[in-house]
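Participant: Give the three-dimensional model of this entry:
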Amino acid sequence: MASGRLARVVDRLRINPAGAVGAVLCVCLSLTPSLLPRTWLVQGTVSGVSAVMGYGIGVGTGWAWRRATADRHFGHPRVRRWFPMLVYAATGSLLGLSVYYGSLWQSDLHVLLGETRPARVGYLRVLLVTAVVLAAAIGLARAVRALVRSMTRLLGRRLAPRSATTVSAVAVGLVLLLIADNVFLDGFNSIAQTAAAATNETVASTAAIPTSATRSGSPQSLVSWDSLGREGRSFVSGGPSLAQLEAFAGRPVKEPIRVYAGIASSPSIEQSAALAVRELERTDSASRAVLCVVTSTGTGWIDPFAAAALEYLAGGDTAIVSIQYSYLPSWITFLNQREAVARAGRSLFEHVYAYWSALSPAHRPRLLVYGESLGSYGSEAAFNGLGDVLARTSGALWMGPTNDNPLWRDLVANRDPGSIEVLPVYGAGRSVRFASTPQDLGWPDATWPAPRVVYLQNASDPVTWWSPSLLFERPDWLAEGRGYDVSPTMRWYPILTFLQVTADLVLAQRTRTSHGHYFHGATVAAWAAILEPPGWTQARAAELTDLLGG
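Facilitator: Residues are numbered from 1 along each chain as shown. Alright, predicted model coming up:
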């Protein structure tokens, strides 16, 4: 029988039977859908980690059961002999069904998010990756166990057996922790720093030194081109041309101002913010209709779509200002330099606000704030609650907020009764609104006076929903009515859902339109809601979105 052969294979490989069952059960749960469709490699890694976790649980449960029943025998000997094979057969069949349905769920997720349905045969590679991860983990565990046993035998010459085992286990554990901390983590951070610093020095193929005095990095600028960093150079040299703006507006327009200071532009975040304000003064930003303070993401990146959309909507009569506080990817910056993000957001806004406040109230520009992802976290840090935002700005656009955004968390936690976390309503929508699509901005159907605050968040965005609380607590975004682009078959499982959503972060920006961590489908509508340009229509919004490639 196949189950008998499977049992012999398990014995030959010295695989713990209870551990094998636990691993299979956890793999089956890991194959259930999450927020975003996964590649076979990402799914295999998630399933592999789940298998390791399940194997450990199974081994521990089996050991506890044997200890508790050491002096007892259950059932007929023939039942005890056949029972393991029945368990193997059942778990093997369950694994096969789970892989089959897992491929169906992944296929349906691709379609749900407007992507091409993938070939399902390749999904079998998930099992190969899972087996490799599990085998590596078991091999490592056995090597550690062998080391502890060798050390125990050595110490056993001078210590009692139990003491020797305890000392050996603690010593090996401490050595492994030191290796993990000082070799792997420090080594990873060093490599990441070196690689990111090198990338920051490069110049994108589309970037070129600007010739216009309205841009930082130009010959007239107080900020040198070389100090801007890769993302700063892309920002100041990008955006729509004057001819493109005039073609869309159908009238003469102004050339947009783009001000930026890189990490190398000044010795500190505060000095970069002060330098940026001097650039605003040099470019006569006070004469513009709109002044937008942007907190960039970890690498210093500013979404070119969002910046260009604002410039088109305002007819080029804009000044956008930002600074760089890091060159590391956002997820590393979020883990290691979160205070720097908040400091950059606070410092830049306070410097710009002081400059703006000194201008004549009758002629100064509308003051807007913007941030995406980690940038929204830093941008929020400049304010002490929603009232402060409304008192000191003419509007705010925050896209893809992290689950740690303090203001976002407060607004969502205190949402109006009956509204759901994926699309909350706060204060009857009088000051702040949450949206995934342009149509969401019209809800609720109530007065929405200026200044207006808009959060763009997608129900399928893992950046917004990832939180350590997922480990042991079912979130409201799954317990309540879920978003239109979240699979109805997604369920919450302790620990496993946390692993799944963590894996979703890897693929968050591979989606399009209004899914995952991608917001171009609603960006134009959000800016239009904040600016309220005269004569603006939904048709014009659709035209601009298409023009920008949304």
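Participant: Low-confidence regions, this structure specifically.
Facilitator: Low-confidence segments of the chain (pLDDT under 70): 1-13, 70-84.
Participant: which residues in the protein form strands?
Facilitator: All strands of the chain, identified by DSSP state E, fall at 257-261, 290-295, 318-323, 366-372, 395-399, 432-435, 452-456.
Participant: Which strands or helices does the first one pack on?
Facilitator: Packing partners of strand 257-261 (3 or more Cβ pairs under 8 Å, 6 or more residues apart in numbering; DSSP states H and E): helix 229-237, helix 269-282, strand 318-323. Backbone N, C-alpha and C define where each C-beta goes, glycine included.
Participant: Could you pull out the helices in the stretch 301-450 of the chain for me?
Facilitator: With DSSP state H, counting those that start in this stretch as the definition, the stretch 301-450 of the chain shows helices at residue ranges 304-313, 330-336, 338-357, 374-380, 386-392, 406-413.
Participant: closest one to residue 191 among these?
Facilitator: Residue 191 sits nearest to helix 330-336 of all the helices of the stretch 301-450 of the chain, at 11.1 Å, using Cβ to Cβ.
Participant: tell me, how many neighbours does the spatially closest residue to residue 291 that is not a sequence neighbour end up with?
Facilitator: Beyond its immediate neighbours in the sequence, the residue positioned closest to residue 291 (Cβ to Cβ, 6 or more residues apart in numbering) is residue 365, lying 4.2 Å away. Residue 365 has 20 neighbours, counted by other Cβ atoms under 10 Å.
Participant: give me phi/psi at residue 365?
Facilitator: Main-chain dihedrals, residue 365, degrees, to the nearest 10: phi -70, psi 160.
Participant: hang on, the earlier thing: now mean neighbour count too, for the strands of the chain, in a markdown table please.
Facilitator: As requested, the strands of the chain are exported to a markdown table (neighbours: other Cβ atoms under 10 Å):
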| stretch | mean neighbour count |
| --- | --- |
| strand 257-261 | 30 |
| strand 290-295 | 28 |
| strand 318-323 | 28 |
| strand 366-372 | 25 |
| strand 395-399 | 27 |
| strand 432-435 | 24 |
| strand 452-456 | 24 |
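Participant: Could you give me the buried positions within stretch 390-408?
Facilitator: 390, 392-403, 405, 407-408 (16 or more other Cβ atoms under 10 Å).
Participant: before we move on, back to that, want to throw the strands of the chain into JSON lines with distance to residue 486?
Facilitator: Listed next are these as JSON lines, based on distance: least, Cβ to Cβ, whole Å:
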{"stretch": "strand 257-261", "distance to residue 486": "37"}
{"stretch": "strand 290-295", "distance to residue 486": "28"}
{"stretch": "strand 318-323", "distance to residue 486": "33"}
{"stretch": "strand 366-372", "distance to residue 486": "21"}
{"stretch": "strand 395-399", "distance to residue 486": "19"}
{"stretch": "strand 432-435", "distance to residue 486": "16"}
{"stretch": "strand 452-456", "distance to residue 486": "16"}
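Participant: what's the closest of those strands to residue 301?
Facilitator: strand 366-372 (8.7 Å).
Participant: could you check the angle strand 318-323 makes with the closest one?
Facilitator: 50 degrees (axes from the mean of the first three to the mean of the last three Cα atoms, to 10 degrees).
Participant: For stretch 232-249, buried residues please.
Facilitator: For stretch 232-249, the neighbour count (16+ other Cβ under 10 Å) marks 232-240, 244-245, 248 as buried.
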